[in-house]
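Chemist: Here is a sequence together with a model predicted from it:
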Amino acid sequence: MSKRFYSPLNTLVLLAFTLGIVHFASSISFSADTYTVPQTAAATLAWDPNEPFPDGYCIYQRTEGQSYDYSQPCWTGSGTSGTVYNIDWDTTYYFVVRAYDGALESKDSEEVSFLSPSPEPPSYPITATVTAHGAISPGGVVEVIRESDKTYTVIPDAGHHVADVKVDDVSVGAVLSYTFQKVTASHTIEATFAVDTYQITASAGANGSIAPSGTISVDHGATKNYIISPFVGYHITDLKVDSVSQGAISSYTFCDVSTNHTINASFSVGNSLNSDSDKDNGSELPFGTLSDDGSITIDDGQAGTSSTGKWSVSGGSDPYGSQSLYSKEVGATYSYEAAISGSYEVEVWWTDYASRCSSVPVKVYDGANLLDTVYVNQQENGGQWNFIGLYEFTGQARVAVVAQDSNCSTSADAVQYFPF
Ligand SMILES: [Ca+2]
């Protein structure tokens, strides 16, 4: 591969030379706060020895578009290799070697070229992670060139928002973007997300209730059901959802919630037992007889009554309705049940009779829960309403008159629930 040639000016023969490159990548060093990269590379050139041995050799260099300046060798020496320093990165250099002996100088050797690309600057990994319900861009591990900036975008899923962003385990708040500036170290960035929530505010006008009531928080996409219950003696007039009338309905369901809502129920006095709306919504209706004042009266034998043991028609005076009953069977009960909610006065009617018991238990229940036991003297105050107490019911009120003694008679006639 080496090519001999003869200089016309002398007898020196210069063999083609080979080029070895040396740049200082191996000397690049870093420490915590300093960063040193040599600004130049060096090239070592080697060539075959001339025969006969000359006084020495000169290396000449040029760059693209330039000519050699033979008055200024960049290296002179007697050996067969030389190193040229101060080679710029990313610049193509051309070299020739000439041998000289006294004033004689050979022609140029073959020309060789040399290019030293600048060493890659160091980079640092930034690791981005997210929890469910969102993304971060760019994700994963990204190498970031030293001293450069890197911006991250945090992208929550629909119906969610950024809960927090941590950079190197320290919160930077619920930001949608974060930029690492002039990176000189590895970093982490982690985003967490949370579901959006909305407020549903439920209210009920007088004489009825809505459940759940008040303002509650609902997750994005959730379903929420509301039940509207008029008090006894009242009916639903209208249900407004976000101020838009929905009619006299007794339940409403928000589906796939994605904004705040309001729901408001209104009620009117009056018995709506036979109204279409009550039939349609299947709401529980009180038994017995409703009055305009909202009270409900249950007479013996009416819907809502039930009994255990033996009860017979009494000859007592001033019954409520057409008749009253009596029992002498200890523990026999006569119950009056009403599907009502809210505060009610309970009143009991019995009839006078000579054999009446003096301490008859009247038990008041709300569902299965015994609220109170009041003992009444049925030897007195027959033929009228007698106040038992004021109670809070949650849908299933029941008053039970319990036969007290086989030596006296217990009267069961009527019960009244009066809204308070
Ligand atoms: Ca009666």
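Modeler: Ah, there it is. Numbers count the residues shown, from 1 in each chain.
Chemist: contacts and neighbour counts: CA atoms only from here.
Modeler: Noted.
Chemist: Tell me where the stretch 151-300 of the chain has helices.
Modeler: Secondary structure of the stretch 151-300 of the chain (DSSP state H, counting those that start in this stretch): helices at 276-281.
Chemist: low-confidence ranges in this protein?
Modeler: 1-40, 233, 270-289, 291 (pLDDT under 70).
Chemist: Residue numbers of it in contact with the ion?
Modeler: Contact residues, the chain versus the ion (CA under 5 Å from the ion): Tyr320, Gly321, Gln323, Ser324, Asp413.
Chemist: so what's the fourth one up against?
Modeler: Yep, that's Ser324 we're talking about. Asp300, Val313, Ser314, Gly315, Gly316, Trp350, Thr351, Ser411, Ala412, Asp413, Ala414 (CA atoms under 8 Å, 6 or more residues apart in numbering).
Chemist: same thing but 7 Å
Modeler: Asp300, Val313, Ser314, Thr351, Ala412, Asp413 (CA atoms under 7 Å, 6 or more residues apart in numbering).
Chemist: could you measure the fourth one against Gly301, distance?
Modeler: Plainly put, Thr351 is 16 Å away from Gly301 if you go by CA to CA, to the nearest Å.
Chemist: Same drill for the two, tell me which one is more crowded.
Modeler: Thr351 (28 against 16; other CA atoms under 10 Å).
Chemist: so that one sits right up against Asn381, yeah?
Modeler: No - using CA atoms under 7 Å, Thr351 is not in contact with Asn381, being 8.1 Å away.
Chemist: on that earlier part again, quick one: buried ones out of the contacts of Ser324?
Modeler: Asp300, Ser314, Thr351, Ala412, Asp413 (16 or more other CA atoms under 10 Å).
Chemist: Just the ones in helices from the residues you listed, please.
Modeler: Using DSSP state H, no member of the buried ones among the contacts of Ser324 sits in helices.
Chemist: Just put those residues in a markdown table and tack on distance to Ala46.
Modeler: Formatted as a markdown table, the buried ones among the contacts of Ser324 follow (distance: CA to CA, whole Å):
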| residue | distance to Ala46 |
| --- | --- |
| Asp300 | 126 |
| Ser314 | 136 |
| Thr351 | 134 |
| Ala412 | 128 |
| Asp413 | 128 |
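Chemist: Can you tell me which of the residues you listed end up in strands?
Modeler: Ala412 (DSSP state E).
Chemist: what residues are up against the spatially closest residue to Ala248 that is not a sequence neighbour?
Modeler: Nearest residue to Ala248, sequence neighbours excluded (CA to CA, 6 or more residues apart in numbering): Asp238, at 4.3 Å. Asp238 makes contacts with Ser245, Gln246, Gly247, Ala248, Ala265, Ser266, as judged by CA under 7 Å, 6+ apart.
Chemist: for Gly342, same thing?
Modeler: Here Gly342 is in contact with Glu392, Phe393, Thr394 (CA under 7 Å, 6+ apart).
Chemist: gap between the second one and the ion?
Modeler: Meaning Phe393. 24 Å (CA to the ion, to the nearest Å).
Chemist: likewise the first one?
Modeler: If you measure Glu392 against the ion using CA to the ion, the figure is 25 Å.
Chemist: same question, Ala211
Modeler: The value you get for Ala211 to the ion, if CA to the ion is used, is 36 Å.
Chemist: Tell me what Ser409 is bridged to.
Modeler: Arg356 (DSSP bridges).
Chemist: burial measure for it, as a count.
Modeler: 25.
Chemist: now Phe418
Modeler: Phe418, neighbours per other CA under 10 Å, totals 20.
Chemist: nearest spatial neighbour of it, skipping sequence neighbours?
Modeler: Ser295 is the one closest to Phe418 (CA to CA, 6+ apart), at 4.3 Å.
Chemist: thought the one you found was touching Tyr417?
Modeler: Yes - using CA under 7 Å, Ser295 is in contact with Tyr417, at 5.6 Å.
Chemist: Neighbour count for those two, which is higher?
Modeler: Neighbours were counted for Ser295 and for Tyr417 using other CA under 10 Å; Tyr417 has more, 27 against 19.
Chemist: Could you list the alpha-carbon positions for the helix or strand hosting the more buried one in CSV?
Modeler: Using DSSP states H and E, Tyr417 sits in strand 414-419. Extracted C-alpha coordinates of strand 414-419, given in CSV (Å, rounded to 0.1, in the frame of the first residue of the first chain):
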residue,chain,number,x,y,z
ALA,A,414,-108.6,4.3,67.1
VAL,A,415,-105.2,6.0,66.9
GLN,A,416,-104.3,9.4,65.4
TYR,A,417,-101.0,10.6,64.1
PHE,A,418,-100.9,14.4,64.0
PRO,A,419,-97.9,16.1,62.2
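Chemist: So Gly208 is in contact with Ile227, correct?
Modeler: No - taking contacts as CA under 7 Å, Gly208 lies outside contact range of Ile227: 10.8 Å.
Chemist: Looking at the two, which one has more neighbours?
Modeler: Between Gly208 and Ile227, counting by other CA under 10 Å, Gly208 is the more crowded of the two (22 against 16).
Chemist: Dig out what the more buried one forms beta bridges with.
Modeler: With DSSP bridges as the rule, Gly208 is bridged to Pro230.
Chemist: OK, contacts around Ser113?
Modeler: Going by CA under 7 Å, 6+ apart, the list of residues near Ser113 reads Thr92, Tyr93, Tyr94, Phe95.
Chemist: repeat for Val154
Modeler: Ala135, Ile136, Ser137, Leu176, Ser177.
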